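S.K.: here is a sequence with its predicted model. Questions after.
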Amino acid sequence: MLRASLLATAISLLAGGAAIAQAAPANAQDQASVPAGAASTDPNQDPYEHLNRKSYAVFRYLDRVAIRPASVFYAHAVPSPARKGLHNAIRNVNSPVIFFNDVVQLHPKAAVETLGRFAINSTVGVAGLADAATTAGIPFHPNGFGNTLGRYGVPPGAFIFIPVLGPSDVRDLIGSGVDTLSDPLTWIRYTGRWEVSAAKTVVNGLDTRANIDPQLKQIDAMATDQYATLRSLYLQNRQAEITGGKVNVQDLPDFGPDTGPQPGAAAPADGQSSVGETPAPRGQGDQGPGTQGPTPQPSTPQGPAGQPVATPAGPHA
């Protein structure tokens, strides 16, 4: 039984690797830019790029043959209300970790909100299956020790792509370990503990992979270098989560050569950049937190205009 539980956990980690750090809002007009240079994709942030690309290739293979098919099956086999209830319950179980980091970051208001959400959802929400707290006006906010380290000035360190865990960096790997240690469920002993833990991780991974499938397809369709795009999205989204901003996908640089217009390519919509268009460089004082950067104007159509996409999810909370 223990070996079966460990195997289920390993499969869930594969599903979690497809997760993309917290999904960005779907409407670009509601997004604020990350501060200039806040999440640079300078090669110095990826000193192990050669090894990371090999890990990414392994991940893509596993996603193609196992992870995505399993998530598609989950999305079709489990009714939407049940999936939503499981999603809410798993998020509610993670409340103690969020509360711990709210306190460590000296954010009393956020800590009180997290505690209130946990109390309401665990009772009125029937063990968290219903998100009654959001209905009551207490919104959810993610948090983890990786965020805590970042907010206290610890740099992210080298970017790392782990085959079964997905994108991460040194700071988030350390943060994930502390989050595990600060989770009360890590220390509570009860019958069926391994089975419950494995089921929780599997369901969470499959649910996340199913939800972000359209965004991953969009990255594949738009990006000339999927690895570099995922790396940039991950680093920018993590920085935005730490600083309280949001990622504007239209501000991302181009990651491949301009191959010229494609036959039958549709012109991009007004205010949207084409796939092959490189945004104009910004000066240090052009934008700051909470401001919208200039939207690059397309010069050569490269494909259908894209919509904002989610970012890859690593092992941080």
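M.R.: Okay, I see it.

S.K.: pull out the buried positions in the strand or helix carrying residue 195.
M.R.: Per DSSP states H and E: residue 195 is located in helix 193-211. Of the residues in helix 193-211, those buried by neighbour count under the rule 16 or more other Cβ atoms under 10 Å are 197-211. Where you see a C-beta, it was placed from the backbone N, CA and C, and this is true even at glycine.

S.K.: next one: stretch 73-91
M.R.: Residues of stretch 73-91 classed as buried: 74-75, 78, 83, 85-91 (neighbour count, 16+ other Cβ under 10 Å).

S.K.: could you dump that stretch to CSV, C-alpha only?
M.R.: Output of stretch 73-91 as CSV, limited to C-alpha atoms (Å, rounded to 0.1, in the frame of the first residue of the first chain):
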residue,chain,number,x,y,z
PHE,A,73,-9.7,12.2,-18.8
TYR,A,74,-10.1,13.8,-15.4
ALA,A,75,-11.8,16.9,-16.9
HIS,A,76,-14.3,14.7,-18.8
ALA,A,77,-14.9,12.0,-16.2
VAL,A,78,-15.4,14.2,-13.2
PRO,A,79,-18.4,16.6,-13.3
SER,A,80,-17.5,20.3,-13.2
PRO,A,81,-19.2,20.9,-9.7
ALA,A,82,-17.2,18.0,-8.2
ARG,A,83,-14.0,19.3,-9.7
LYS,A,84,-14.7,22.8,-8.4
GLY,A,85,-15.5,21.4,-4.9
LEU,A,86,-12.2,19.4,-4.8
HIS,A,87,-10.3,22.5,-6.0
ASN,A,88,-11.8,24.6,-3.2
ALA,A,89,-11.2,21.9,-0.6
ILE,A,90,-7.5,21.5,-1.5
ARG,A,91,-7.0,25.3,-1.4
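
S.K.: give me the residues contacting that stretch.
M.R.: 121, 125, 127-131, 140, 200, 203-204, 206-207, 210 (Cβ atoms under 8 Å, 6 or more residues apart in numbering).

S.K.: now pLDDT and distance to residue 162 too, for those, in a markdown table please.
M.R.: Putting the contacts of stretch 73-91 into a markdown table (pLDDT from 0 to 100; distance: Cβ to Cβ, whole Å) gives the following:
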| residue | pLDDT | distance to residue 162 |
| --- | --- | --- |
| 121 | 97 | 31 |
| 125 | 95 | 34 |
| 127 | 91 | 32 |
| 128 | 93 | 29 |
| 129 | 95 | 32 |
| 130 | 96 | 34 |
| 131 | 96 | 31 |
| 140 | 96 | 27 |
| 200 | 89 | 20 |
| 203 | 92 | 21 |
| 204 | 91 | 17 |
| 206 | 92 | 19 |
| 207 | 93 | 20 |
| 210 | 92 | 21 |
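
S.K.: great, nothing more from me.
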